[in-house]
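Peer 1: Sequence plus the predicted model coming up.
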Amino acid sequence: MRGLLKRLITEPGADSAEDYARRVQILAATYAVLFCASVAGVVVLAIYGKLFVTLAQRSNVETLTILFLLVLYAYLATISASGALGAARLGFYALRRRSAREPVAERRRQLGKLDARADGPWAALAKVLDRTDGAPLRFDLSDEALLPDWEYQAEHKLPVIPEPLGFVSLGRSAKRADPVATMGFATLMVLLTLAVIVLFVLDKPWVPG
């Protein structure tokens with residue numbers, strides 16, 4: 001179980017170009033869903049805020065929870081906006097390739113536009129390159145995924161004493177976490193909480209009046 005969790009959280013799992021392309025598509029879809037769901041959460045809470053405040057006060061639930069969800073949705077929408085924009089661009093380019101009369105020529109044209117944005121030194125990775133002075137050859141690598149270039153960290157905590165006295169816990173940090181797993185779990189939590197909120201709006205629960 002420990003090995004499975006480690007592989008899920010820390011290992012990217014892109015052993016080939018096809019795997020990398022698949023991971024980029026999954027991450028792009030995750031960004032798009034996270035952004036749309038977060039914006040939807042902000043809109044629903046803004047429109048039906050009075051309803052949830054009333055439910056919280058009548059059922060002795062902390063009204064601050066509603067504000068916490070509102071801030072959380074706004075924060076996730078902000079950090080996923082650039083990723084959603086990149087996902088939209090990827091989808092637009094893919095649609096143009098599929099609808100083009102010559103998909104290969106369209107792909108070359110798109111790659112040419114992407115390559116034209118980068119200036120500076122370049123390297124041919126299919127060749128062996130050596131410096132004349134024998135010193136190590138160093139250069140920077142970059143990709144054209146159109147998604148945010150972020151490094152993700154993860155921190156796992158297991159409470160030793162249950163809530164509400166969960167002030168003693170075991171923790172472990174990972175300097176490099178898989179972005180698909182990180183943003184995927186965030187998207188899952190947003191969708192679950194949004195589903196509960198929408199359920200309350202559609203079928204208002206009975207509370208003591």
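Peer 2: In hand now; what should we look at? Numbering: from 1, shown residues only.

Peer 1: Could you look up the SS state of residue 176?
Peer 2: coil (DSSP: H, G, I helix; E, B strand; the rest coil).

Peer 1: And the pLDDT for it?
Peer 2: As predicted, residue 176 sits at a pLDDT of 72.

Peer 1: and it, how many neighbours?
Peer 2: When neighbours are counted by other CB atoms under 10 Å, residue 176 registers 13. Bear in mind the C-beta positions are built from the backbone N, C-alpha and C, glycine included.

Peer 1: Go ahead and confirm it touches residue 182.
Peer 2: No - taking CB atoms under 8 Å as the definition, residue 176 is not a contact partner of residue 182, at 10.5 Å.

Peer 1: Name all residues that make contact with the residue nearest the centre of the chain.
Peer 2: Residue closest to the mean C-alpha point of the chain, counted by CA atoms, centre = their mean, is residue 183 at 3.3 Å. Taking CB atoms under 8 Å, 6 or more residues apart in numbering, we find residue 183 in contact with 27, 30-31, 34, 80, 83.

Peer 1: how about 7 Å then?
Peer 2: 27, 30-31, 34 (CB atoms under 7 Å, 6 or more residues apart in numbering).

Peer 1: do residue 186 as well
Peer 2: 34, 76.

Peer 1: separation between residue 46 and residue 172?
Peer 2: Distance of residue 46 to residue 172, given as CB to CB, to the nearest Å: 38 Å.

Peer 1: buried set for the host helix or strand of residue 76?
Peer 2: Using DSSP states H and E, residue 76 maps to helix 64-99. By neighbour count on 16 or more other CB atoms under 10 Å, the buried set for helix 64-99 is 66, 69-70, 72-73, 76-77, 79-81, 83-87, 90, 93, 97.

Peer 1: For the chain, which segments count as strands?
Peer 2: Remark: strands assigned in the chain by DSSP state E are 154-159, 169-174.

Peer 1: and residue 106, which of those strands is closest to it?
Peer 2: strand 154-159 (38.8 Å; CB to CB).

Peer 1: nearest spatial neighbour of residue 129, skipping sequence neighbours?
Peer 2: residue 137 (5.6 Å; CB to CB, 6 or more residues apart in numbering).

Peer 1: Tell me how many other residues crowd that neighbour.
Peer 2: With other CB under 10 Å as criterion, residue 137 counts 9.
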